[in-house]
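Asks: I'll drop the sequence and a predicted model, then ask my questions.
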4 protein chains.
Amino acid sequence: MLTEIRDASLHARGRERIAWARRFMPVLGAVAGELDLTGRRVGLVLVLEPKTANLALALRDAGAEVVVTCPAGETDDETAAALVSEGVAVLARSDASPEQDRDFALRMLRQRLDVLVDDGSRVVRLAHAAGLLDGLAGAAEETTSGLRPLRVMADRGELRIPVLAVNDARSKYLFDNVHGTGQSCVMAALDLTGLQLAGTVCVVAGYGYVGQGVARYARALGARVIVTEVEPFAALRAHHEGFEVRPLLDACPEAALVFSATGVAHTITREHLGAMSPGAVVAVAGGVPEEVETGDVPPGVTVLADGECVNCAAAEGNPIEIMDLSLSVQALAVDHLVTHGPAMAAAVHPMPGELDERIARLKLRALGIGLDVPSALQREFLERGL
Amino acid sequence: MLTEIRDASLHARGRERIAWARRFMPVLGAVAGELDLTGRRVGLVLVLEPKTANLALALRDAGAEVVVTCPAGETDDETAAALVSEGVAVLARSDASPEQDRDFALRMLRQRLDVLVDDGSRVVRLAHAAGLLDGLAGAAEETTSGLRPLRVMADRGELRIPVLAVNDARSKYLFDNVHGTGQSCVMAALDLTGLQLAGTVCVVAGYGYVGQGVARYARALGARVIVTEVEPFAALRAHHEGFEVRPLLDACPEAALVFSATGVAHTITREHLGAMSPGAVVAVAGGVPEEVETGDVPPGVTVLADGECVNCAAAEGNPIEIMDLSLSVQALAVDHLVTHGPAMAAAVHPMPGELDERIARLKLRALGIGLDVPSALQREFLERGL
Amino acid sequence: MLTEIRDASLHARGRERIAWARRFMPVLGAVAGELDLTGRRVGLVLVLEPKTANLALALRDAGAEVVVTCPAGETDDETAAALVSEGVAVLARSDASPEQDRDFALRMLRQRLDVLVDDGSRVVRLAHAAGLLDGLAGAAEETTSGLRPLRVMADRGELRIPVLAVNDARSKYLFDNVHGTGQSCVMAALDLTGLQLAGTVCVVAGYGYVGQGVARYARALGARVIVTEVEPFAALRAHHEGFEVRPLLDACPEAALVFSATGVAHTITREHLGAMSPGAVVAVAGGVPEEVETGDVPPGVTVLADGECVNCAAAEGNPIEIMDLSLSVQALAVDHLVTHGPAMAAAVHPMPGELDERIARLKLRALGIGLDVPSALQREFLERGL
Amino acid sequence: MLTEIRDASLHARGRERIAWARRFMPVLGAVAGELDLTGRRVGLVLVLEPKTANLALALRDAGAEVVVTCPAGETDDETAAALVSEGVAVLARSDASPEQDRDFALRMLRQRLDVLVDDGSRVVRLAHAAGLLDGLAGAAEETTSGLRPLRVMADRGELRIPVLAVNDARSKYLFDNVHGTGQSCVMAALDLTGLQLAGTVCVVAGYGYVGQGVARYARALGARVIVTEVEPFAALRAHHEGFEVRPLLDACPEAALVFSATGVAHTITREHLGAMSPGAVVAVAGGVPEEVETGDVPPGVTVLADGECVNCAAAEGNPIEIMDLSLSVQALAVDHLVTHGPAMAAAVHPMPGELDERIARLKLRALGIGLDVPSALQREFLERGL
């Protein structure tokens, strides 16, 4: 079997944790129950933990052969063991070297996958570099920062397969980026430091979806939040929502806690770090390499999780109910690529609106929330325009 | 002179109120200072009050000949008198009959206007019906509900002039619709009733920009807010932002205060009114005719402002700082149409992004808010994609 | 008849407004229905408007002979006319001179009142000064600032009648001071200025019950709020609740809106006014004379309502549901003084806890809110201590 | 030496964590720097973790001989080892049996302590039962639930030493109970479950200081919060602060998460648990034994931390800055008892106001927050009363 994990004996606790998460994932259950992926081979690149494990199991239940890889730093060995015990192939161990991680990805790619579900587009790019694209109907990518280089590749004519921009599905970014990452990053930072937010000054660099979430949760927990931005409308919105808005360097000396939520490298530079007061703590929400320039941190300043995404590296990622939505988008993306991928252009494609809406409706049903339906008189009004 | 108003002697108090508003409108001042409209004729359809009066004065200062009309119900006679004392032509009186109001609009249209700034698209449609479009380079329309029929006309090939969708400028809808209408409708409802929100149940029909604003301000003032929606993503967002979401009929019995924020006729029907408890109060935020079916209101239920937009009919409209943005968009729309209108297709056009952004940047400058600028390293990162 | 009002013909509109308020005052109705004040003479000093009028009517319905006075600045002539049309004696007109107002109070005091309900303790002190205390079983006083001089009088042995501190009833200050004054002062300030709070800096001097209310409502509407305090625990609480805390003089230059919520004279001095930026607006919440030193206001600064309580002078006071509680305390205070006053010491007395709690329970019943009841096991636990 | 711990070799990591906490505890540092406890023997019963360890070190630095005990379930072995390496006597190991824990307490009590700092009053009661009170000048107790049985003992004449009610110091309960326990219990529950609050229904039983904190933080994180109460004013306050208020049994079926914040046994009974929906999660904030009747939990319901205080058992307790205040009160309580204890009655005494205020002022200084000082005119006003 293809599998390579650290300790197969850890499966029992892993299965328990996967089952706990599944209780709060009704949408993925409903989505997967309608798919037929018999005989398809799907490669999954996941932050390997109990919630994402449910995507692997859901695809397997729909008939797919599933192979999972994950870099060492994001691998939970109990979850890996549990998946293997359920017949899923796993190439991931928490003690792997970077070379091994790369080798795992290459071994997965050599399985003649039908679809690849990536996280950060590392493996999609590796597949291009290593020439392992044969038979691949397409890939799904769920992060903003993973899509960015793929779009650059598409612009340069270097992208060779269709990619579904799972990140841009409304079922994903409206909830995962704002509420999921917002809550989990703020909580991870508090957990790691033992500090409180009530009465402290918290700086949030970037007021996109993730930044909005972080800023709101931090304020909700009592912080005075200062937002920094490069884009005028985002800055004005933050201002009208009651946040102070300033240039970052100007805000650093007052900050007890600084979040980068830009997803852009070199956001928190040496100069910013040097302007912070002793005791300041820095965290990255979301994150790309070098988002904080960690090369030369002054003694009084602490960069959490070595500047990596604080909610992935130091906590268990996003809340279960949010992951239920995001993973459901992934499952439908797999199904869509299997059917339509071969006919799709080698480009970054949006998630089809009807699939996106199907997930939203399933979530509402799971929550027991009823919608109104426009009456005949209202439909007439909308057609007429007045 | 073209002018017809109720009482020219009221000008002193009107001028004072206009001057008060101007103190808090730095953006309109900055925008208008850069325009040259010498010799242009501009027709303005406005809710005539001290804030909007400043648009008339700003355009006049830029060299335009300005004619203003306003329906009786939205005309403030002090403001009208003040404008006339400043040399602006005004056709508006608070005691006009509907026939007179129509006549005022027609008289204005006969002035061979270069540009028409409309509010609700009533006068644009009248100009089409009356065949008074000659020489008109275009029109600006600032409401969602005014644009809707113009888009239907465009689809049917019946629109004869270019229309700038001022409502869709980000400088407008991100602030005016959410914060302006949100704050002012909630406050007008409290003002009219003498009630409080703390501890009451408040229902908000519709979770678009206006509905979001109303829901947030109502909750901020202590209400338990129930949102009703027809669109699944809007419903899910409301849910994740902590609002209860239910069908409207189901929510009516509990409601102390019901806002319609849909801008769609027949939102609050007889059936909904009948399901409300004695003491319930209904208000329209934004609004189109028949949004509440006021024909047959049960004895215990009160519909504020006879079902018209509660913040226009019963209060002085949106806050000054918000109007500063919206009126600045109008001023730039006039300038754009004067120059480019003759070459533009007879369609509904978005506001050009660079004009929109110019307003946002002027507002930030007026607020003393500094933006960051991406560094060379960051620009490289963004180009490279990783 | 004793009555002197401005225009008796205004009664119809007044009666309508009083009836509107009564719909939302179930507690006063329930309280008054149980009282028997037959043959008692009660003097009421009220901000004369539709809500307080209901106290006069409730006492009359309970059998009392009621005389009402009110200073000119707080007299609503429609309400006065309505009360007279209902058989209540009223000495109040909106065009009275200060001498007339004093005369009205003296005429009321000469009616051999059993109980006096005062507002600001002006008339209680006048009664002492004029020697008109004969037969008076006691007085009720509902403001913090009215109780202060009475306590000083009591300390000096100069108080000659028992006074019930209605202000200190929990049914009053927990709701009236925080929510009532909080909401109504913020709204009155916005109404008077046409401004918004979203994105502005708002300073609140004093973080007692009123200040807490003002600060919370201002923040809820989007302001960045800076609190100033003289007391360390109040300052720390404000800090932990997410407010910035600073000395007042230091905060003035940034402020768009400054509220004094201290109830202490000379809070906003000339020096503070001089430190404010052009466009700054100052308002008093609650208020005593000279709380803002209005003698020498710089040209760019606006003091709302001439430095008087902004929600009384410029709006219709507190929300109806809040007044329902406060006026119910007044009604029970009258009943208590009639029965027990003659045996009570000439001192400031707290409101008896069981009366206070009765009001809270009636309010909960009116709201349909059910309480839990400690079980037998829980009562045992509480007695045993563990 | 008296010490008994699990593994002395763990000291390095413990010292690091203690030092991290100390960086954020300026008040304890300032307080302790002024004390002289040379030759005094102080017994500390603590939840043994890095923050509380700083109290032991601060008292040692002030010259005291310090002995620490802690029950097994709340003992962190790294912290224990670090304290021992600093010369503090520790009797605590994470693998102790209940008998050993009791023995540790008795061994500590036999050291002829001058002062005992207790947590839950278990050891004070043991000292009474075992007759080990000789030489004890008094005890400090910092929990609501620990004070309750001591007050019952005092009422029955069974209390033999003076006890300082540290819990009732404003520096403690205004911050520790509301903000500390509020934030940490909500976060611990989310951490343990991986769930989110946005959009869920959360029930909070009890609206005292702890309950207020839990309810506010849960709402801040997006939950719809239902409060349950037995006391009418608390219920009304919750209502006015925008919470739904209902009887507990009635609220259970809707709840995703139920917190008990009453500190009263038998709050969440079998009947309540039976009324919950599958997936419901129950947590205790603060807590006494049997607060949740854990004997018979239905299969679909999860009781976190076996019904013990969720933030102590499952997380690292309260935020550091909050503990800085609470532990500073403890330090001053020790000093006060050493000096005044021998002359104090055997009763539960409040913390002297001037000590309490000293801590508040030190905290403000550490935060850099300035207070205003009443002017001469204001002091005159306050003395005169008007």
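Replies: Okay, I see it. None of the values given here were measured: they were computed from a predicted structure.

Asks: doesn't A:A139 lie inside a strand?
Replies: Yes: residue state for A:A139 (DSSP: H, G, I helix; E, B strand; the rest coil) corresponds to a strand.

Asks: which residues sit in contact with it?
Replies: A:V115, A:L116, A:V117, A:D118, A:V124, A:I161, A:P162, A:V163, A:L164, A:L337 (Cβ atoms under 8 Å, 6 or more residues apart in numbering or on different chains). Using the backbone N, CA and C atoms, a C-beta is placed for each residue, glycine as well.

Asks: which one of those is nearest chain D?
Replies: Of all those, chain D sits closest to A:V117, with 21.3 Å by Cβ to the nearest Cβ.

Asks: around chain B, which positions in the stretch 101-250 of chain A sit nearby?
Replies: For the stretch 101-250 of chain A, the residues in contact with chain B (Cβ under 8 Å from any Cβ of the partner chain) are A:145, A:148-153, A:170-171, A:174-175, A:178-179, A:228-233, A:235-237, A:239-240, A:245-248, A:250.

Asks: which of the residues you listed fall within helices?
Replies: Counting by DSSP state H, the part of these found in helices is A:145, A:148-153, A:170-171, A:232-233, A:235-237, A:239-240, A:248, A:250.

Asks: so which of those residues reach chain C?
Replies: The subset of these within reach of chain C, by Cβ under 8 Å from any Cβ, is A:H239, A:H240.

Asks: the lowest-mean-pLDDT helix or strand in chain A - contacts with which helices or strands?
Replies: Ranked by mean pLDDT, DSSP states H and E, the helix or strand of chain A with the weakest confidence is helix A:310-313, at a mean of 79. When contacts are defined as 3 or more Cβ pairs under 8 Å, 6 or more residues apart in numbering or on different chains; DSSP states H and E, helix A:310-313 sits against helix A:181-193.

Asks: helix or strand right after the helix it packs on?
Replies: As assigned by DSSP states H and E, the chain's next helix or strand after helix A:181-193 is strand A:201-205.

Asks: OK, now which residue of the stretch 251-386 of chain A is nearest to chain B?
Replies: Taking Cβ to the nearest Cβ as the measure, the point where the stretch 251-386 of chain A comes nearest chain B is A:G385, at 3.4 Å.

Asks: pLDDT at that residue, what is it?
Replies: If you check A:G385, the pLDDT there is 79.

Asks: do the same with A:T294
Replies: pLDDT, A:T294: 94.

Asks: pull the number of nearby residues for it.
Replies: Residues lying near A:T294 (other Cβ atoms under 10 Å in any protein chain shown) number 17.

Asks: coming back round to it: show me what contacts the residue of the stretch 251-386 of chain A closest to chain B?
Replies: A:G385 makes contact with B:R148, B:P149, B:L150, B:R151, B:V152, B:M153, according to Cβ under 8 Å, 6+ apart.

Asks: if you set the cut-off to 6 Å instead, what comes out?
Replies: B:R148, B:P149, B:V152 (Cβ atoms under 6 Å, 6 or more residues apart in numbering or on different chains).

Asks: give me every residue that touches the first one.
Replies: By Cβ under 6 Å, 6+ apart, the residues touching B:R148 are A:G385.

Asks: check it and give its pLDDT.
Replies: Value for B:R148, per-residue pLDDT: 92.

Asks: return the backbone torsion pair for the residue lying closest to A:V67 once chain neighbours are set aside.
Replies: Distance criterion Cβ to Cβ, 6 or more residues apart in numbering or on different chains; nearest residue to A:V67, sequence neighbours excluded, is A:A89 at 4.5 Å. The phi and psi values for A:A89, taken as degrees, to the nearest 10, are phi -80, psi 130.

Asks: so A:A89 touches A:T3, yeah?
Replies: Yes: using Cβ atoms under 6 Å, A:A89 is in contact with A:T3, at 5.1 Å.

Asks: who has more neighbours out of these two?
Replies: Taking other Cβ under 10 Å, A:A89 and A:T3 do not tie; A:A89 has more neighbours (24 against 16).

Asks: ok, now which ones touch that one?
Replies: Residues in contact with A:A89, defined by Cβ under 6 Å, 6+ apart, are A:L2, A:T3, A:V67.

Asks: quick check: phi and psi at the second one.
Replies: Right, A:T3. In terms of degrees, to the nearest 10, the main-chain angles of A:T3 are phi -50, psi 140.

Asks: quick one: buried residues of the longest helix seen in chain A?
Replies: If you go by DSSP H, chain A has its longest helix at helix A:320-340. Under the neighbour-count criterion of 16 or more other Cβ atoms under 10 Å in any protein chain shown, helix A:320-340 has A:320-338 buried.
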